[in-house]
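Visitor: 3D, please:
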Amino acid sequence: MSLAWPRKTPGGLTSASRAPKPLWHPCLPPTVHAHIRRHALVRFKSKDEQPDTLGTSPPNSSSSGKMTKDAEKPDKPAQQQQHKQDKGIQVTPADGPVGGGGDGDDQSVKVQQPKEPVLHDDDPLWAFHEPADHIDPRDKSTPDSWIKRNPHLIRLTGNHPLNANPPAELLAERGFITPVSLHYVRNHGAVPKIEWSKHRVTIDGLVDHPMTLSMNELMNLVEPEAITAYLACTGTRRKELRQVKAVQGSDMGRTTVANSHWTGIPLHKVLEKLQVQAGAHWVWFSGPDGELPGGRAYETCLELERCLNPADDVLLAFKQNDRFLTPDHGFPVRLITPGLAGGRQIKWLTHIHICDKPSTNHYQIHDNRRFPESIDRDMAEKEGYYDLDQPEKAYAFDIMEDCVNSAVLLPNHDEVVLQQQQQQQQEGQEDGQDGGQKVLIQGYAYTGGGREVTHVEISLDEAKSWKLANLTHGAGGHVTEQGKHWCWYLWQVELRYDELSSAPEIRCRACDSASNTQPERPMWNMTGMMNNCQYVVKLHQLSASDDGSDGRSGVRFEHPVTEGVGGHGGWMMTEKEAAGEGGVVESEAEIAEEESAGKEWEKLKEVSLKEVGWWVVCHGVVSHVVGIVPVVKILRRLCHQQYYIRNHVPSHFDYGNCKGDSACLAEFTC
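Guide: Below you'll find the predicted structure:
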């Protein structure tokens, strides 16, 4: 079975760019089909309220409800352009407006405050966004209580900050272009409330013409361009590595990957206008101050050569799937660096700094690195891998380009495929179908650096032999003029039921145009980054007498881990529990205790980033605490593994005057 996919038109997305919705999947039980149909047809259909697409106002403001009279009026004609001078650069009307970054609305630019029509479910673009129409109750006691979010997202770090991925069945069902509301979210703190008219992007450092640009000025600086590209979190499939050995970070699964159409300003053209000076080698990118606890900003860097290369398509993006960015995905402007790890894709972009050395930001040194398996945190600290005075070590093992990866999406974890009755098989043969019951296996693949995924293979005999899967989307029709492959690939393969019923497992692996492929076993690293081992689903044969078999034999699919935080099931989690290592699969008493503790955390006072407080992140549960809170109580509530606490406190942890129950911590991450 293969699907023919229309190519993307130069003007952007069309309704033909996404998959026709498969309302029936041969591997899904009727209850799952009903769930998909129901949510595909009725969710987010409110037409009475304008979605807060831009995220520039808190709840109950005019911009988050119906359009006001002023909003309905057409933009006033732009005033006659005047020559501007910004720190030595003369800008003429022919060059386009370049800003001085002053206060107030820009009067000399073509584009004013962005206004978009409300998306209705009969709009061709609706399928690419599926905009949420209400505030999730889980967000109402957090600083993100003004943001509308898709309730189907699986939350990985408690209620705040939001780190979430979509369910596998929805990611697969939506096809080649991922709806914005189902795109995975990776936030390090509260989402900043940013107004389009007030936001500024400063570009400085080793350039002849530093400048500060408003959003309108940035959009008119050079001609925008568009690309279709996937993004994958650097911690994708981290939860599998946690079953091997403890790692830092949240329980990212296999669905922290998405494919979108991005529109933005090509960075290489911006840097050409500013004229980069000799001696520059790196470009730093920062989000807003105060994004993180303690007033810090998230920052990363790229090689200048990459930023100046037109073939690398580095964008200052302001649209996703042909509409302005949403708050969770970086409104009003973000960095898109296709083919690179998700940790390089800065959201809420505020500052671009051209420098002769890489960034010294905490996340550059302590995160976004894939250490060898032989280096744990104690060794890294002892050997100076966080020491900026030893740059050859401080910047070793940093992550730039994505590695090749693939995974099975459907059939999902714990799904059962029942053997058809003999009469059904005979009817299929009479309809001209190939003899025997068929089961459809679906998944995705991607690789970094603009390389091509040449093929995906599956094995049913523990990697002794392999057969090719069909690359249904991404292959052939989505190559840039420079020959880059920025999109993900969707693949599928039809297997006979009797093949599955006699197989112990199904595993997949992808190979790219540089002959990179996936290793057979997990490659553990202490940050849990870039897990790309072959994805293995165990197959369990059910007899007609087993529960859930409906009197027929069947095959149950068991993925390596369950989606979300903790949980039971998943063959890697089961094997770890059987080995007596514990800690991942919790007891009923522990689960009840955590639920009780979670209710207490919800009662804590809501605070902004400007207030004094500290964050606790443990096993994916994140809390923002104000005042002196007994440390031992916190650890009892959030962590049951003392080994995990002792060995995974980051080097930037401030113990202060830590004296047992009365200690107050500046920041604690385990």
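Visitor: Could you pull up phi and psi at residue 510?
Guide: Listed backbone geometry of residue 510 is phi -110, psi 160, with angles given as degrees, to the nearest 10.
Visitor: now the strands for the stretch 451-600 of the chain?
Guide: Ranges of strands in the stretch 451-600 of the chain, per DSSP state E, counting those that start in this stretch, are 453-459, 467-468, 470-473, 489-496, 505-512, 535-542, 554-558.
Visitor: So which of these is nearest residue 371?
Guide: With respect to residue 371, and counting by Cβ to Cβ, the nearest of these is strand 535-542 at 22.6 Å. In this view, the C-beta of every residue, glycine as well, is placed from N, C-alpha and C.
Visitor: quick check: angle from the closest one to strand 453-459?
Guide: Counting by axes from the mean of the first three to the mean of the last three Cα atoms, to 10 degrees, strand 535-542 lies at 30 degrees to strand 453-459.
Visitor: Direction included, what does strand 535-542 pair against?
Guide: Take DSSP bridges as the rule and strand 535-542 pairs in its sheet with strand 505-512 (antiparallel), strand 554-558 (antiparallel).
Visitor: for it, which positions count as buried?
Guide: The neighbour-count check on strand 535-542 (16 or more other Cβ atoms under 10 Å) flags 535, 536, 537, 538, 539, 542 as buried.
Visitor: Quick one: residues in contact with it.
Guide: With contact meaning Cβ atoms under 8 Å, 6 or more residues apart in numbering, strand 535-542 is reached by 237, 254, 406-408, 416, 443, 500-501, 503-509, 518, 548-549, 553-560, 571.
Visitor: What are the neighbouring residues in contact with residue 516?
Guide: Residues near residue 516 by Cβ under 8 Å, 6+ apart: 403, 404, 447, 451.
Visitor: Please look at the third one and residue 456 and confirm they touch.
Guide: No - when contacts are counted by Cβ atoms under 8 Å, residue 447 is not listed as touching residue 456 (10.9 Å).
Visitor: Any chance of CSV for the strands paired with strand 535-542, columns mean neighbour count and mean pLDDT?
Guide: Converted to CSV, those look like this (neighbours: other Cβ atoms under 10 Å; pLDDT from 0 to 100):
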stretch, mean neighbour count, mean pLDDT
strand 505-512, 22, 98
strand 554-558, 21, 96
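Visitor: ok, now which ones touch residue 380?
Guide: Under the criterion of Cβ under 8 Å, 6+ apart, the neighbours of residue 380 are 371, 386, 526.
Visitor: Which one (most neighbours) among the residues you listed?
Guide: Highest neighbour count within these, by other Cβ atoms under 10 Å: residue 526, with 24 neighbours.
Visitor: so how far is residue 378 from that residue?
Guide: Computed with Cβ to Cβ, to the nearest Å, the distance linking residue 526 and residue 378 is 10 Å.
Visitor: Residue 523 too?
Guide: From residue 523 over to residue 378 (counting by Cβ to Cβ), the distance is 20 Å.
Visitor: more crowded one of the two?
Guide: Neighbour totals were compared for residue 523 and residue 378, and residue 523 leads with 16 against 10 (other Cβ under 10 Å).
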